[in-house]
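Asks: Task: produce atomic coordinates for the following.
(one chain, ligands or ions: 4)
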Amino acid sequence: HHAKEHDQIFIRYTEAMKKRTQSRVELENDMRKALERDEFFLEYQPQFSLLTGKMVGMEALVRWNHPKRGLLPPNDFIPLAEDSGLIVPLGEWVLKTACEHNRKWQLDGYEPVCVSVNLSMRQFRQYNLADKVDAILREVGLDAKYLELEVTESMTFDIDTALNQLQSLKRLGVHISIDDFGTGYSSLNYLKSLPIDRLKIDRSFVKEVMLDGNDAAIVSTITTMAHHLKLKVTAEGVESEEQLEFLKGQNCHEGQGYLFSKPVPARVLESQFLSRLAG
Ligand code: C2E
Ligand code: MG
Ligand code: MG
Ligand code: MG
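Replies: Ligands and ions are numbered 1, 2, ... in the order given. Presented below is the predicted three-dimensional model:
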């Protein structure tokens, strides 16, 4: 009867696999329509200077209001969008929408700040990415200095291609940051060769900075290195006053995290975080 039991398990296993594949295919099909149906929207997480406490920027984070499954976080659909290639049109929608919001806030008389947008590997591999970014900036009328593009270490793996791409982007006048810094497998070599402006310390290091001496050492080292390389540095995932004090003690420039604010809808960013220009 062992064989039979094994068959049963096998059948249940393949059924579960089939369901998972079906749900993947379904979600992928839904995603194709979602752009037309306006089901995606952006939230913004404000970023603060740790020196002055002032809001200095915001990161645009995509969400999907799925008609049946409800609100989906990016980790539930970005990997799928990457695999299917849908990340390219979705990424362009994010870029354009974030630039439009930022431009509108400037026209409405708020103090100009930079908006950060996450780039995916597929977008980064496009030979005409810089042209696309340029076209969006022109169409929207946003000055390139108010846009920051976030790339991850894995995108710098092929250093020659990354150098080309980043140089084209930098020529437009946008800023470049390395997201989730410290979690990739790339060598530090790229830090001296690539035209980057900022390191964002991954929140996994910030999380236990008060409990784990190794995390504290890593955060401290990244911050010091950033200073020496004349890069800005942002700590991600700041959740407590203790973490904030530690980061200030390390002269970390900027922070982002639940202590300050979760990501919020555009109108909440506007009413609670953006400041009116004087006069
Ligand atoms: P990320 O770029 O590193 O964004 C920061 C993530 O950390 C966000 O999760 C944010 O909500 C979360 N976070 C911020 N502060 C805290 C905190 O204090 N504690 C904790 N526990 N979490 C915090 P979210 O919005 O779920 O996004 C997850 C990831 O999805 C992003 O990580 C980014 O890699 C990706 N993503 C989001 N939007 C886009 C997009 O438009 N395009 C692409 N390609 N990827 C995106
Ligand atoms: Mg990011
Ligand atoms: Mg990321
Ligand atoms: Mg990150």
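Asks: going forward, measure contacts and count neighbours with C-alpha atoms only.
Replies: Fine.
Asks: is any part of stretch 113-126 close to ligand 4?
Replies: No: contact between stretch 113-126 and ligand 4 is absent, the nearest approach being 8.9 Å (criterion: CA under 5 Å from the ion).
Asks: how long is that stretch from one end to the other?
Replies: 27 Å (CA to CA, to the nearest Å).
Asks: One more: stretch 177-188?
Replies: 15 Å.
Asks: Next, the residues that contact it from outside, please.
Replies: Stretch 177-188 is contacted from outside by 148-154, 156-157, 196-203, using CA atoms under 8 Å, 6 or more residues apart in numbering.
Asks: so how far is that stretch from its chain's centroid?
Replies: Mean-position distance between stretch 177-188 and its chain equals 13 Å (CA atoms, centre = their mean, to the nearest Å).
Asks: what does stretch 154-170 give?
Replies: 17 Å.
Asks: near ligand 4, anything from it?
Replies: No: applying CA under 5 Å from the ion, one finds stretch 154-170 separated from ligand 4 by no less than 12.9 Å.
Asks: Among the contacts of stretch 177-188, which lie within helices?
Replies: Per DSSP state H, helices hold the following members of the contacts of stretch 177-188: Arg203.
Asks: Buried subset of the contacts of stretch 177-188 as a ChimeraX selection?
Replies: The ChimeraX selection below is limited to those of the contacts of stretch 177-188 classed as buried (16 or more other CA atoms under 10 Å):
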select :148,149,150,151,152,153,156,196,197,198,199,200,201,202,203
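Asks: Next step: the contacts of stretch 177-188 restricted to strands.
Replies: 148-152, 198-201 (DSSP state E).
Asks: so which of these would you say is closest to ligand 1?
Replies: Glu150 (7.5 Å; CA to the nearest ligand atom).
Asks: ok, the closest one touching Val117?
Replies: Yes: assessed by CA atoms under 8 Å, Glu150 is found in contact with Val117 at 5.9 Å.
Asks: Please list all residues in contact with Met58.
Replies: Counted by CA under 8 Å, 6+ apart, Met58 has contacts 44-47, 113-116.
Asks: Go through the residues you listed and name the one nearest Gly249.
Replies: Of all these, Gln47 has the smallest distance to Gly249: 18.2 Å, by CA to CA.
Asks: Spell out the secondary structure type for the closest one.
Replies: strand (DSSP: H, G, I helix; E, B strand; the rest coil).
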